[in-house]
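**Student:** here is the input, now give the coordinates:
(one chain, ligands or ions: 1)
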Amino acid sequence: MPAKQHTLEADGIQVQFDNQNVLSGVYLRVQTGQVVALLGANGSGKSTLLQTVFGARVVPDASVRVDGYPVMPAYRQPGLMSYLPQTGLWPSGMALATAARLLGVSLVEALADFPTLQKQAVEGSTRAELSGGTGRLIQTLVLMARRSRFLLLDEPFSGVMPVHIEQLSSRLRAARVHSGILLTDHRYQPVLDVADVVYLLRHGRLQLLTEPRAELRDLGYLPD
Ligand SMILES: Nc1ncnc2c1ncn2[C@@H]1O[C@H](COP(=O)(O)OP(=O)(O)OP(=O)(O)O)[C@@H](O)[C@H]1O
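**Tutor:** Now for the predicted structure:
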């Protein structure tokens, strides 16, 4: 029997910095079974939006709902949402195994199918001892192993080598069985390859793209 579908919605999000509107009148919808891409220029407000949805940023009048019920702050609801911030998920000097344990995950299971990562994540090793891309990938895999209903990923492909991006993309596709995934990254190609739905954040608003590659080219986000 197919898993029951759940819907995350967010709206009413108005954010200003220095009297400039960063987010105004955003409506976002993510369903379990979907990978939803959030694209946009540097500084367009993608990270601000993810922080707000997770509850890490408090925005008056914002509404975040799952299946129609308010879930603010979402991070307080057990099993509901996991969030990979752009700045890192745990302190870089913390042992990977400790970080995974605090997140309720087995490091070995999280890194299954990634033998090179398993070799690097030996007892006591920390993110600070790994390359940037390896550390990024390990954080994403640990977070995914929590199997939360919704997963917010801010630049999971950053610094990750193509062969691992491919493997991570397969994991993301498979994770749709139990999760809805909201993903932002400047590596448009792998994002578009994995996404079921694509939003462009522009002038503070979300635009749903129906022909993502063509529209991104027309708007100057992708080269001709
Ligand atoms: N705490 C803050 N104080 C002032 N301005 C901020 C603050 N946080 C974010 N901003 C501004 O808000 C805008 C949106 O930032 P945000 O990090 O959300 O963009 P982004 O789309 O994630 O960018 P990038 O793709 O470069 O990561 C930027 O202009 C940024 O300078």
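
**Student:** for the rest of this, base every contact and every neighbour count on C-alpha atoms.
**Tutor:** Noted.

**Student:** need the residues of the protein near the ligand, please.
**Tutor:** Near the ligand, the residues belonging to the chain are Phe17, Val22, Ala41, Asn42, Gly43, Ser44, Gly45, Lys46, Ser47, Thr48 when assessed by CA under 6 Å from any ligand atom.

**Student:** quick one: the third one from Pro60, how far?
**Tutor:** Going back to what we said before, that points to Ala41. For Ala41, the distance to Pro60 (CA to CA, to the nearest Å) stands at 25 Å.

**Student:** returning to that earlier point: between the residues of the chain next to the ligand, which is nearest Ala100?
**Tutor:** When these are compared for distance to Ala100 (CA to CA), Ser47 wins out at 23.3 Å.

**Student:** for that closest one, what are its contacts?
**Tutor:** Applying CA atoms under 8 Å, 6 or more residues apart in numbering, we find Ser47 in contact with Pro85, Gln86, Asp154.

**Student:** tell me the strands in this protein, going along the chain?
**Tutor:** Secondary structure of the chain (DSSP state E): strands at 7-17, 20-31, 35-39, 63-66, 69-70, 81-84, 150-154, 180-184, 197-202, 205-209.

**Student:** just the helices in the protein please.
**Tutor:** Ranges of helices within the chain are 46-54, 96-102, 107-110, 115-120, 132-144, 162-175, 188-194, 212-218, based on DSSP state H.

**Student:** pull out the buried positions in stretch 132-145.
**Tutor:** Residues of stretch 132-145 classed as buried: 133-145 (neighbour count, 16 or more other CA atoms under 10 Å).

**Student:** can you list contacts of it?
**Tutor:** Stretch 132-145 is contacted by residues 82-84, 88-89, 100, 103, 105, 107, 109-111, 117, 127-128, 151, 153, 156-161, 175 when judged by CA under 8 Å, 6+ apart.

**Student:** 6 Å instead?
**Tutor:** Ala110, Arg127, Gly159, Val160 (CA atoms under 6 Å, 6 or more residues apart in numbering).

**Student:** got it, and stretch 70-78?
**Tutor:** Phe54, Gly55, Val64, Arg65.

**Student:** can you give me the neighbour number for Leu39?
**Tutor:** 26 (other CA atoms under 10 Å).

**Student:** which residue is the nearest non-sequential neighbour of it?
**Tutor:** Spatially, and ignoring its direct neighbours in sequence, Leu39 is nearest to Leu200 (4.8 Å; CA to CA, 6 or more residues apart in numbering).

**Student:** if we can go back for a sec, filter the residues of the chain next to the ligand to the buried ones?
**Tutor:** Applying a neighbour-count criterion of 16+ other CA under 10 Å, the buried members of those are Val22, Ser44, Gly45, Lys46, Ser47.

**Student:** how about these in CSV, adding pLDDT?
**Tutor:** Output for these, formatted as CSV (pLDDT from 0 to 100):
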residue, pLDDT
Val22, 95
Ser44, 97
Gly45, 97
Lys46, 98
Ser47, 98
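
**Student:** hmm, back to that, buried only: go through the contacts of stretch 70-78 for me.
**Tutor:** Buried among those by 16+ other CA under 10 Å: Phe54, Gly55, Val64, Arg65.

**Student:** make JSON lines out of these and add pLDDT.
**Tutor:** Shown next, in JSON lines, are the buried ones among the contacts of stretch 70-78 (pLDDT from 0 to 100):
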{"residue": "Phe54", "pLDDT": "98"}
{"residue": "Gly55", "pLDDT": "97"}
{"residue": "Val64", "pLDDT": "98"}
{"residue": "Arg65", "pLDDT": "98"}
